[in-house]
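**Student:** next come a sequence and a model predicted from it.
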Amino acid sequence: MKLSTDRILTTHVGSLPRPEPLLDLLEAQNRGGDFDPARLAGATTDAVAEIVAQQVATGIDVVSDGEMGKIAYTFYVQHRLGGLSEDDGTEKPPRPATRGMDVADHPDFLERMAEQGANWFMRFKEIWCTGPVTYADRGPLEADLANLKSAVDVSRPTEAFINAASPGVLTKFVPDAYYLNEDAYVEALARAMKVEYETIHQAGFLLQIDCPDLGSARHNQYQALSEAEFLRIADRNVEALNFATENIPPEDMRMHICWGNYEGPHTHDIPLASVFDVCMKARPSALLFEGANPRHEHEWEDLANAKIPDDKVLIPGVIDSITNFVEHPALVAQRICRYADIVGRERVLAGTDCGFATFAGRKNRVVPSVTWAKLGSLVEGAKIASGRLWP
């Protein structure tokens, strides 16, 4: 991971709006209907080239492929892991809860979500673990790596990263009907995903592991547990992640946590301070986290009093990812400087709260033109902050 000694670098969490022709193909693939894989491959290659070029033109330093080839940041594994299959209607264990306690507290908000067609989960096929988990097909991963390599060779960003799901988050989105023991299932997922993590690293890209299981899982998947019980789950998931990344240098990895990329009350979010020590046990040197939305922006004060290891890098969200407000660059600069005052200017990058297209679709909360306006404000805010931090 490249750290700057003369300015604040900019990045984001990963997913970006996909072009409509590509969405059509991804949705056809998700439905399992008749579609042309060659057309999807070609459209994905073109979309990655365009999205990387647009990031560089906007001024983003550390770019991604926008997750152009993925229907979602978790469900993509159905095309890579063995032991997964669609729901065949046979009796299975209860699916982990996906609705947060905050939404359940407000039936009128839940009704509004239904009116707006916001039940995103129902758009995707139900995928279950029904056999031993293996990394069965490297083809989609190799295509992702080739597409991003071609794009960065042309656009020349400062650095590039690729997202991958954590073992822990997959227990929610791909529930288990085979191991029937969550510890064993997490271990199996870690052994399988280890292949993906190491392959991304060996290709020369930063590995970003997406870990909402350390944040949002508290108020949905594990809402019936006490906070202490949840923290034991989080600790287990970090141990699995550390095993899966044992052969990758910490400085070549980033870890993202969030509390759910949705507009909602978020009144049951576990505080960052409560999970921070667990996050610091994870091997990736950089931590991306929400720092711009109204529920979590205040938590920079908690980090000011936290024990942050000297080898850790902070990538706070300084623009949010669920509203169409475009943050003023001066506000972005203020947010960046708060964190630079805590760990030093060389250990801070400017990021986003979450992805702008976590699940591929036409109804992402932030429209594409505003997404790019927000990223432009991120870049301008980083310039202002750099002028203040390197006078």
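**Tutor:** Structure received. Numbering: from 1, shown residues only.
**Student:** just say helix, strand or coil for Leu287.
**Tutor:** strand (DSSP: H, G, I helix; E, B strand; the rest coil).
**Student:** need the contact list for it.
**Tutor:** Taking Cβ atoms under 8 Å, 6 or more residues apart in numbering, we find Leu287 in contact with Arg254, Met255, His256, Ile257, Cys279, Met280, Lys312, Val313, Leu314, Ile315. From N, CA and C alone the C-beta is placed, and that goes for glycine too.
**Student:** any stretches of the stretch 101-250 of the chain with poor pLDDT?
**Tutor:** Applying pLDDT under 70 to the stretch 101-250 of the chain flags residues 116-123.
**Student:** at 90 instead, please
**Tutor:** Within the stretch 101-250 of the chain, the ranges that satisfy pLDDT under 90 run 103-104, 107, 109-126.
**Student:** contacts only, for Ala273.
**Tutor:** Glu299, Asp302, Ala306 are the contacts of Ala273 under Cβ under 8 Å, 6+ apart.
**Student:** narrow those to those that are buried.
**Tutor:** Buried by 16 or more other Cβ atoms under 10 Å: Glu299, out of the contacts of Ala273.
**Student:** pLDDT, distance to Gln202 and secondary structure added to the contacts of Ala273, as JSON lines?
**Tutor:** Putting the contacts of Ala273 into JSON lines (pLDDT from 0 to 100; distance: Cβ to Cβ, whole Å; DSSP: H, G, I helix; E, B strand; the rest coil) gives the following:
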{"residue": "Glu299", "pLDDT": "98", "distance to Gln202": "35", "secondary structure": "helix"}
{"residue": "Asp302", "pLDDT": "97", "distance to Gln202": "37", "secondary structure": "helix"}
{"residue": "Ala306", "pLDDT": "96", "distance to Gln202": "33", "secondary structure": "coil"}
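**Student:** just curious, which of the contacts of Ala273 is nearest to Ala360?
**Tutor:** Ala360 lies nearest to Glu299 out of those, by Cβ to Cβ, at 29.8 Å.
**Student:** neighbours around the closest residue to the closest one other than its chain neighbours, how many?
**Tutor:** Of all residues not flanking Glu299 in the chain, Leu272 sits nearest, at 4.5 Å (Cβ to Cβ, 6 or more residues apart in numbering). Applying other Cβ atoms under 10 Å, we find 23 residues neighbouring Leu272.
**Student:** surely Leu272 is in contact with Glu297?
**Tutor:** No. The criterion here is Cβ atoms under 8 Å, and Leu272 misses it with Glu297 at 10.8 Å.
**Student:** return the subset of the contacts of Leu287 lying in strands.
**Tutor:** Taking DSSP state E as the definition of strands, those contribute Arg254, Met255, His256, Val313, Leu314, Ile315.
**Student:** from Val152, how far off is Leu3?
**Tutor:** 19 Å (Cβ to Cβ, to the nearest Å).
**Student:** for the two, indicate the residue with more neighbours.
**Tutor:** Neighbour totals were compared for Leu3 and Val152, and Val152 leads with 22 against 14 (other Cβ under 10 Å).
**Student:** just the strands from this structure, written as ranges.
**Tutor:** 62-63, 81-86, 127-135, 159-165, 206-210, 253-256, 286-289, 313-319, 351-352.
**Student:** please consider this matter closed, and thank you.
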